[in-house]
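Colleague: Give me coordinates for this.
(one chain, ligands or ions: 1)
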Amino acid sequence: ERWFRIAGTSVGESSGLFVLVFKDQSEIRRIDRMRADFIANASHELRTPLASVAGFIDTLRGPARNDPKAREQFLQIMQNQTARMARLIDDLLSLSRLEMKSYAPASGTIDVRPLVEGVIDALRHLAADNGVDIVKDIPSGPVEVRGNGDELTQVFENLLENAIKYGQSGGRVEVSVLPAEPGTGPRVSFTDHGPGIAEEHLPRVTERFYRVDVETSRSQKGTGLGLAIVKHILTRHNARLTIKSKIGEGATFTVNFPTN
Ligand code: ADP
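Modeller: As a prediction, this is how the structure comes out:
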């Protein structure tokens with residue numbers, strides 16, 4: 001529609017058509033480039049652990065063949081690297097599944113409280129391993145939103161997992177479910193007291209494979225796809241993700257559901 005308006009107002013009929021074709025081409029090129037970048041990134045992310053596993057196989061066949069202690073250590077590394085590849089493939093599959101499915105908004109409503117409670121239970125172990133305490137603030141009455149329970153569970157899981165991973169060891173992670181108020185839809189927020197995210201990185205953290213600090217994020221078992229998946233799912237739900245953060249003080253990720 002935008003292009004036809006250009007054709008109608010500023011440039012003549014025939015050059016208008018030219019603009020239309022030209023813009024269309026550049027959009028196709030942009031999407032092609034994005035796709036190529038994505039494939040390059042995904043291949044690189046898979047190649048790194050794969051190269052490491054291949055290297056350790058050689059070492060196990062050669063120098064470490066008769067050294068049980070080294071063998072055990074190398075097998076452990078290989079196990080971690082294969083787990084990393086499996087996580088990456090799971091996330092890639094989630095993304096491509098989301099992209100393939102056309103989204104029909106759920107007709108019914110769903111109470112988000114049991115979804116959030118379930119995610120907290122599922123991640124208690126990870127929290128304990130990271131020395132993080134989960135504190136929840138969940139109202140006693142239902143907090144209903146329109147949406148898909150499995151997809152929203154994945155959103156809450158990714159956000160809580162990040163809060164735990166990047167939160168401060170010995171610190172708290174606060175999970176709040178806030179009912180709708182006049183003019184504001186229901187909200188679910190996750191607050192940690194970790195290093196936070198600098199302002200210049202905020203708009204980019206939901207991009208695929210974007211990581212603020214590659215070393216820390218790698219050691220935290222991330223794929224760099226978690227927030228991209230979150231954003232994708234929320235867009236389908238007409239919901240918004242807002243991030244508030246202060247360096248050194250932590251971050252709050254809030255899912256804002258639409259009013260209705
Ligand atoms: P990852 O798998 O690396 O965690 P995500 O897409 O979930 O990927 O997050 C992207 C990046 O955003 C992370 O690598 C990290 O740098 C940053 N990030 C996400 N959540 C937090 C948080 N709660 N505190 C600080 N940084 C965060």
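
Colleague: Helices of the stretch 151-260 of the chain, residue ranges please.
Modeller: 214-219, 226-236 (DSSP state H, counting those that start in this stretch).

Colleague: Next: the stretch 1-150 of the chain.
Modeller: Counting by DSSP H, counting those that start in this stretch, the helices of the stretch 1-150 of the chain are 2-9, 13-61, 68-100, 112-122, 124-129, 149-166.

Colleague: could you dump the last one to CSV, C-alpha only?
Modeller: Looking back up the chat, that one is helix 149-166. Backbone C-alpha positions of helix 149-166 (Å, rounded to 0.1, in the frame of the first residue of the first chain) are rendered in CSV as follows:
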residue,chain,number,x,y,z
GLY,A,149,0.3,-22.2,27.0
ASP,A,150,3.3,-24.1,25.6
GLU,A,151,4.7,-21.0,23.8
LEU,A,152,4.2,-18.8,26.9
THR,A,153,5.8,-21.4,29.1
GLN,A,154,8.9,-21.2,26.8
VAL,A,155,8.9,-17.4,27.1
PHE,A,156,8.8,-17.6,30.9
GLU,A,157,11.4,-20.4,31.0
ASN,A,158,13.9,-18.5,28.8
LEU,A,159,13.5,-15.3,30.9
LEU,A,160,13.8,-17.1,34.3
GLU,A,161,16.7,-19.1,33.1
ASN,A,162,18.5,-15.9,32.0
ALA,A,163,17.8,-14.2,35.3
ILE,A,164,19.3,-17.2,37.1
LYS,A,165,22.3,-17.6,34.8
TYR,A,166,23.2,-13.9,34.7
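
Colleague: What count of nearby residues applies to the residue in the stretch 1-150 of the chain that the ligand sits nearest to?
Modeller: The ligand sits closest to D91 of the stretch 1-150 of the chain, with a gap of 7.9 Å, by CB to the nearest ligand atom. For every residue, glycine as well, the C-beta is placed using N, CA and C. Using other CB atoms under 10 Å, D91 has 21 other residues around it.

Colleague: Touching, it and L225? I think so.
Modeller: Yes. If you go by CB atoms under 8 Å, D91 and L225 touch, sitting 4.0 Å apart.

Colleague: Any idea which of the helices of the stretch 151-260 of the chain has the lowest pLDDT on average?
Modeller: Mean pLDDT is lowest for helix 214-219 out of those, coming in at a mean of 61.

Colleague: Any stretches of the stretch 1-150 of the chain with poor pLDDT?
Modeller: By pLDDT under 70, the low-scoring segments of the stretch 1-150 of the chain are 1-24, 103-106.

Colleague: ok, 90 please
Modeller: 1-41, 44-45, 63-65, 94-108 (pLDDT under 90).

Colleague: Against the ligand, how distant is the closest residue to D192 other than its chain neighbours?
Modeller: Spatial nearest neighbour of D192, chain neighbours left out: G167 (3.4 Å); criterion: CB to CB, 6 or more residues apart in numbering. Going from G167 to the ligand by CB to the nearest ligand atom, to the nearest Å gives 7 Å.

Colleague: show me the contacts for G167.
Modeller: N130, V132, V173, D192, H193, G194, G250 (CB atoms under 8 Å, 6 or more residues apart in numbering).

Colleague: Show the pLDDT at it.
Modeller: On the pLDDT scale, G167 gets 92.

Colleague: For it, grab phi and psi.
Modeller: Torsion angles at G167 (phi, psi; degrees, to the nearest 10) stand at phi -70, psi 170.

Colleague: Give me every residue in the stretch 101-250 of the chain that's in contact range of the ligand.
Modeller: Taking CB under 6 Å from any ligand atom as the measure of proximity, the stretch 101-250 of the chain contacts the ligand at 158, 162-163, 166, 192, 194-195, 197, 205, 210-213, 217, 222-228.
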